[in-house]
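K.L.:
I'll drop the sequence and a predicted model, then ask my questions.
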Amino acid sequence: LKLGLIILAAGLSRRMGHLTPKPFLDLGGKLVIFHSLDFFSSLGYISDIVVVAKEIYHPLFPSNIKLALPGKERQDSLRNGFNKLKDSCDWVISHDAARPFLYKTEINKLIDNRQGFSALALGSKVKNSLKIADSDGTLKKSIDRSNTWEVFTPQLIEYALLKKGLEYIQQNQIICTDELSIAEIYNVKSKIIETDKPNIKITEPRDLELVKLIFEGYRG
Ligand code: C5P
């Protein structure tokens, strides 16, 4: 297994109301992104690591980490990162730097279940009621939540599928917010692996407070 890793840290973090993007805020004495980077580096079996971030942040990273520049959408940043990966990789892990909680057990679930699938992601079943509404909140309809999942990163996808998918969605101007969506375009088998571990994406200022509380009890 030759694994490449792309850590995405190039969003604008508009919803945070901070000037500093969320991966570069402090969490327990360490920048949010280094929680992910140090975790993956410590696994010892990832062949190639690329971080996608604005150029001003590049000097923060050690020389064994490859660096790529932001793209307009998440998928454009992913493409920039992908282009730096060695083509000898056969699988790629994608991870949002805004998600600092990683667990070896959950990564192992992705890797150990890959047989027969082209893409896998961690996820959990939706617990709340789901609705579609107008932009002013006027209810349009309810959605059946049985068999409805939220998916997170890390996601694991075959290198060759990601390569052709990134080209295809660029040429056809399709927006994909995750890598399972690429597997869906090609109608290849993909899988959601249920996780019960916290997998919060720091999006709004209140998320950072919650993440700080979870962090006190976190052992990856
Ligand atoms: O915007 P969203 O919260 O979905 O972003 C998920 C991850 O993708 C974040 O870690 C963010 O930094 C990254 N991203 C990126 N380039 C973009 C948009 C988002 O690297 N243009």
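P.N.:
Now that the structure is in, tell me what you want to look at.
K.L.:
Only C-alpha atoms from now on, for both contacts and neighbour counts.
P.N.:
Noted.
K.L.:
the bottom helix or strand of this protein by mean pLDDT?
P.N.:
helix 205-216 (a mean of 89; mean pLDDT, DSSP states H and E).
K.L.:
Point out the other elements, helices or strands, that that one touches.
P.N.:
Helices and strands touching helix 205-216, as assessed by 3 or more CA pairs under 8 Å, 6 or more residues apart in numbering; DSSP states H and E, are absent.
K.L.:
Any idea how many residues pack against Thr148?
P.N.:
13 (other CA atoms under 10 Å).
K.L.:
contacting residues for it?
P.N.:
Lys125, Val126 (CA atoms under 8 Å, 6 or more residues apart in numbering).
K.L.:
Check what pLDDT it gets.
P.N.:
pLDDT for Thr148: 96.
K.L.:
returning to what we had before: so is the least confident helix or strand of the chain next to the ligand?
P.N.:
No. Judged by CA under 6 Å from any ligand atom, helix 205-216 makes no contact with the ligand; its nearest approach is 11.8 Å.
K.L.:
Give me the buried positions along that helix.
P.N.:
For helix 205-216, burial by neighbour count (16 or more other CA atoms under 10 Å) applies to Leu208, Val211.
K.L.:
what do you get for stretch 191-201?
P.N.:
Result for stretch 191-201 [16+ other CA under 10 Å]: buried residues Lys191, Ile192, Ile193, Glu194, Thr195, Asn199, Ile200, Lys201.
K.L.:
What about these, which are in helices?
P.N.:
The helices in this structure, assigned by DSSP state H, contain none of the buried residues of stretch 191-201.
K.L.:
Just send the residues you listed back as CSV, with distance to the ligand too.
P.N.:
Shown next, in CSV, are the buried residues of stretch 191-201 (distance: CA to the nearest ligand atom, whole Å):
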residue, distance to the ligand
Lys191, 20
Ile192, 18
Ile193, 19
Glu194, 20
Thr195, 19
Asn199, 13
Ile200, 10
Lys201, 7
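K.L.:
And for the nearest residue to Pro198 once chain neighbours are set aside, the neighbour number?
P.N.:
Closest residue in space to Pro198, ignoring its immediate chain neighbours: Phe101 at 6.8 Å, by CA to CA, 6 or more residues apart in numbering. Neighbourhood size, Phe101 [other CA under 10 Å]: 21.
K.L.:
Look at Phe101 and give its secondary structure.
P.N.:
Secondary structure, DSSP: H, G, I helix; E, B strand; the rest coil: Phe101 is coil.
K.L.:
List phi and psi for it.
P.N.:
Torsion angles at Phe101 (phi, psi; degrees, to the nearest 10) stand at phi -100, psi 110.
K.L.:
Check the contact between it and Ser36; I expect there is one.
P.N.:
Yes. At 7.5 Å, Phe101 and Ser36 qualify as touching, with contact defined as CA atoms under 8 Å.
K.L.:
Now do the same contact list for Asn199.
P.N.:
Counting by CA under 8 Å, 6+ apart, Asn199 has contacts Arg99, Pro100, Phe101, Leu102, Phe152.
K.L.:
I'd like the distance between the residue nearest to Pro198 and Leu122.
P.N.:
For Phe101, the distance to Leu122 equals 12 Å [CA to CA, to the nearest Å].
K.L.:
now Asn128
P.N.:
From Asn128 over to Leu122 the distance is 18 Å, taken as CA to CA.
K.L.:
neighbour-wise, which of these two wins?
P.N.:
Leu122 (24 against 7).
K.L.:
need the contact list for the more buried one.
P.N.:
Contacts of Leu122 (CA under 8 Å, 6+ apart): Glu106, Leu110, Val151, Phe152, Thr153, Pro154, Gln155, Ile192, Ile193, Glu194, Thr195.
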